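Student: 3D, please:
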Amino acid sequence: MTTAAPVSVDDYVSIQRLINRYADAVIHRSGEQWGSCWADDAVWDLGRGRLVEGKDAILKLWYGAMTGFAAVVQTVHNGDAWQGASADEATGRWAISERFRRADGQSGILLAHYDDAYRKVNGQWLFSRRFLQVHYGGPADLSADFTNHREALVERGVAADV
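Tutor: The predicted structure follows:
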């Protein structure tokens, strides 16, 4: 849990809309909509050394990754956002789940959360950083191992706040 002050209600709703627009774009495979969620100099960290910098590179990775899926439904669960160093900066954490079928017919689920940084650009909140924290990825019957989130953060040299 962070000790930072929560963002204003108006900013919270705007950030929540950003989060929902992102998930909706995943479901509908809309690269244009999905790309509109990112700042030009954003960073997308998918963990395990998969770090992508810049909106163009992020979009290229997303388009490539989406070809591996026949269908994906991303659902946003609980989340919050906190004020950053300036009025145009904030951080947040949002839990997500995905149910998917890969192009090869294999299906499964992803249970994760994103640690985010946001920047207001021309009055609109955008992602300046998204760091995916996977808790589970595998068969829908939850038969695969869950990720030890705390250990993963310690390995990366990031202080765990759990």
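Student: what's the closest non-adjacent residue to residue 45?
Tutor: Excluding the flanking residues, the one nearest residue 45 by CB to CB, 6 or more residues apart in numbering is residue 131, at 4.3 Å. In short, each C-beta sits where N, CA and C put it, glycine included.
Student: if I look at the one you found, how far off is residue 146?
Tutor: 18 Å (CB to CB, to the nearest Å).
Student: Just want to know which of those two has more residues nearby.
Tutor: Ranked by neighbour count (other CB atoms under 10 Å), residue 131 and residue 146 place residue 131 first, with 18 against 12.
Student: I'd say that one and residue 115 touch.
Tutor: Yes: counting by CB atoms under 8 Å, residue 115 is a contact partner of residue 131 at 4.4 Å.
Student: picking up where we left off before, check the gap between the residue nearest to residue 45 and residue 69 for me.
Tutor: 21 Å.
Student: Now do the same contact list for the spatially most central residue of the chain.
Tutor: Centroid-nearest residue in the chain, with CA atoms, centre = their mean: residue 114, separated by 4.2 Å. Contacts for residue 114 (CB atoms under 8 Å, 6 or more residues apart in numbering) come out as 92, 93, 94, 96, 130, 131, 132, 133.
Student: Which strand residues bridge the third one?
Tutor: With DSSP bridges applied, the residues forming beta bridges to residue 94 are residue 79, residue 114.
Student: do the same with the fifth one
Tutor: Here residue 130 sits in beta bridges with residue 44, residue 116, as judged by DSSP bridges.
Student: number of nearby residues for it?
Tutor: Neighbour count for residue 130, taken as other CB under 10 Å: 22.
Student: wouldn't it be in contact with residue 44 here?
Tutor: Yes: with contacts counted by CB under 8 Å, residue 130 reaches residue 44, the gap being 5.3 Å.
Student: which residues of this structure score low on pLDDT?
Tutor: 1-2, 148-162 (pLDDT under 70).
Student: just the strands in it please.
Tutor: With strands called from DSSP state E, the chain shows them at 38-45, 51-53, 69-83, 89-102, 107-121, 124-138.
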